[in-house]
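Undergrad: Sequence and predicted model, in that order:
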Amino acid sequence: MESQSPSQSSGLFDPVLNVFQAVGAFILNFFQRAGALTIFIGQAIYHSFVPPFFPAQLWRQLVDIGYYSLPVVGMTALFTGMVLALQSYTGFTRFNAEGAIAGVVVLSVTRELAPVLAGLMVAGRVGAAIAAEIGTMRVTEQIDALSTLSVNPFKYLIAPRLIAATVMLPILVLIGDIIGVYGGYVVSIYNLGFSSGSYLTQTWDILETMDVVSGLVKAGAFGFIVAMMGCYNGFNSGRGAQGVGAATTNAVVSSSILILIFNYLLTQVFFS
Amino acid sequence: MSTATAKIELKNVCKAFGSNHVLNGADLVVPEGKSMVIIGGSGTGKSVMLKCILGLMTPDSGSILIDGQETIGLSPKDRDALMRKFGMLFQGAALFDSLKIWENVAFGLIQGRGMNRKDAHDIALEKIKAVGLRPEVADLFPAELSGGMQKRVGLARAVAASPEIIFFDEPTTGLDPIMADVINQLIVEQVEDIGATALSITHDMGSVRTIADYVAMIHEGKIIWTGPVEELDDSGNPYVEQFIHGKADGPITRRVA
């Protein structure tokens, strides 16, 4: 009587086992990463509120993230407002609804476009810079050096960036709101021939506090996301230039996607 | 080496990364006030052992005692207090790019210990001079210095707070022989000056003979020989003999991937 050896027996099931193994490895990897990110976020928030604080670091980040992002956010808001007025005009004239342009511009800018576009621009400028800087510090052992000098890297590196981005993005978006609405106003008055007084009246009449506040809350959330993804990916950067490059790419991509997802969720919360 | 005077003691420390068992039950005793150098090939677990002692990595099992106190599983507050005993010279110096040289040297004093900038600046200048650098260097940035000068600054930073224990990670890597000897001499001077216990890892046998009181050899994650530096040449251990003479033939085999 011939008996089947264990190796022959397992060989029959190899393809099936491989699929289970791959699925299992994927699920384990997913939960491992999700767990690591959750712990990182928890530690980052904890160290943002518990002393010692590093005010000089916080000030530097407020300037880097806020002041130096102003031109990018301002230009984005200005041209977005201008294009929005033009596009609304070409569409609304078909229905004799030109009078709605001022409302469309101000609501679109304050509720959606200024926070989302500012978030995406800051993700590209600041998120990438944070990931690259912290990633390089990881690779060159500067983060380990902080620990050996009795300085907690979360307090010194992560907390100032997190606080600065969460505080500065709403301020940038508020400025972006004003510039964006002004862009729409300029096009409407000087290009499309609207009356300045009636345009401003329509803008003011339709705008509600909640429109601006919802945009600013979104901006705070987006700032948090940008800084967190930059710090997390930089802190866990792989070795060498390739590792830092991958960390930078991951920071920008993940924060951009999360901004779009959270924009939907927050819109649902505010306006559903 | 008596355990009673041990400043650092490792007992059966294990650390694995997936299926790669880097530390395989490492045991080590570093006597107080002495300089221990760990030698061993690349990938044998030297750096991982150092990072486990520093708390930058957590061992899977085993025990690490500093002054007789278990350090694995310390609370963050106790870990912070323990870190004040340590100073470290990193392989690439690990200076902070955005800070001036004197701020790098004074970093642990200002940020870690809350010393005012004036006093910290004075101590930093003193340490910069002690490692043979001109005072004008203090206001430069790390990128403006050569590799050897960066190592000196790293050494000044490591000793600035007069730590009880100093770690040296490949202190002479990437330096010419003369600069390597200068760094070795400075290490000896500084360690003796502050009366610290030193733990170094290196491949450089010149460095070993200059800075070590005791030598330990690590192979495949275990300490396979320990003894005074004077006994290094007569260890009778084939692994040690192969390593110190740099021979390709011997019990240590290298897989070429």
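TA: Nice, thanks for sending it over.

Undergrad: and residue B:7, what helix or strand is that in?
TA: strand B:6-17 (DSSP states H and E).

Undergrad: Counting by contacts, list what that strand packs against.
TA: strand B:20-31, helix B:46-54, strand B:61-66, strand B:197-202 (3 or more C-beta pairs under 8 Å, 6 or more residues apart in numbering or on different chains; DSSP states H and E). For glycine as for every other residue, the C-beta is placed from the backbone atoms N, C-alpha and C.

Undergrad: per-residue confidence for the closest residue to residue B:91 other than its chain neighbours?
TA: Of all residues not flanking residue B:91 in the chain, residue B:170 sits nearest, at 4.2 Å (C-beta to C-beta, 6 or more residues apart in numbering or on different chains). Here the pLDDT value assigned to residue B:170 is 90.

Undergrad: and residue B:170, how many neighbours does it have?
TA: The number of residues packed near residue B:170 is 18, by other C-beta atoms under 10 Å in any protein chain shown.

Undergrad: check contacts around residue A:189.
TA: Neighbouring residues of residue A:189 by C-beta atoms under 8 Å, 6 or more residues apart in numbering or on different chains: A:195, A:196, A:199.

Undergrad: ok, and the most crowded of the residues you listed?
TA: Result: residue A:199 is most packed of the contacts of residue A:189 (other C-beta under 10 Å), 20 neighbours.

Undergrad: Now do the phi/psi pair for it.
TA: Taking degrees, to the nearest 10, you get phi -60, psi -50 for the backbone angles of residue A:199.

Undergrad: Could you measure from it over to residue A:74?
TA: 21 Å (C-beta to C-beta, to the nearest Å).

Undergrad: what does residue B:246 give?
TA: 63 Å.

Undergrad: So which of those two has more stuff around it?
TA: Between residue B:246 and residue A:74, counted using other C-beta under 10 Å, the more crowded position is residue A:74 (18 against 8).

Undergrad: Which residues of the stretch 101-250 of chain A lie near chain B?
TA: Residues of the stretch 101-250 of chain A lying close to chain B by C-beta under 8 Å from any C-beta of the partner chain are A:140, A:141, A:142, A:144, A:145, A:147, A:148, A:149, A:150, A:151, A:152, A:156.

Undergrad: Please flag which of those residues sit within helices.
TA: A:142, A:144, A:145, A:147, A:148 (DSSP state H).

Undergrad: sorry, back to before: include pLDDT and neighbour count when you put the residues of the stretch 101-250 of chain A next to chain B into CSV, please.
TA: Output for these, formatted as CSV (pLDDT from 0 to 100; neighbours: other C-beta atoms under 10 Å in any protein chain shown):
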residue, pLDDT, neighbour count
A:140, 94, 19
A:141, 93, 18
A:142, 95, 22
A:144, 94, 20
A:145, 95, 26
A:147, 91, 21
A:148, 91, 25
A:149, 92, 27
A:150, 89, 22
A:151, 92, 22
A:152, 92, 22
A:156, 95, 21
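
Undergrad: Give me the distance between the two termini of stretch B:51-59.
TA: 9 Å (C-alpha to C-alpha, to the nearest Å).

Undergrad: In it, which residues are buried?
TA: B:51, B:52, B:53, B:54, B:55, B:56, B:57, B:59 (16 or more other C-beta atoms under 10 Å in any protein chain shown).

Undergrad: Thank you kindly, that will do.
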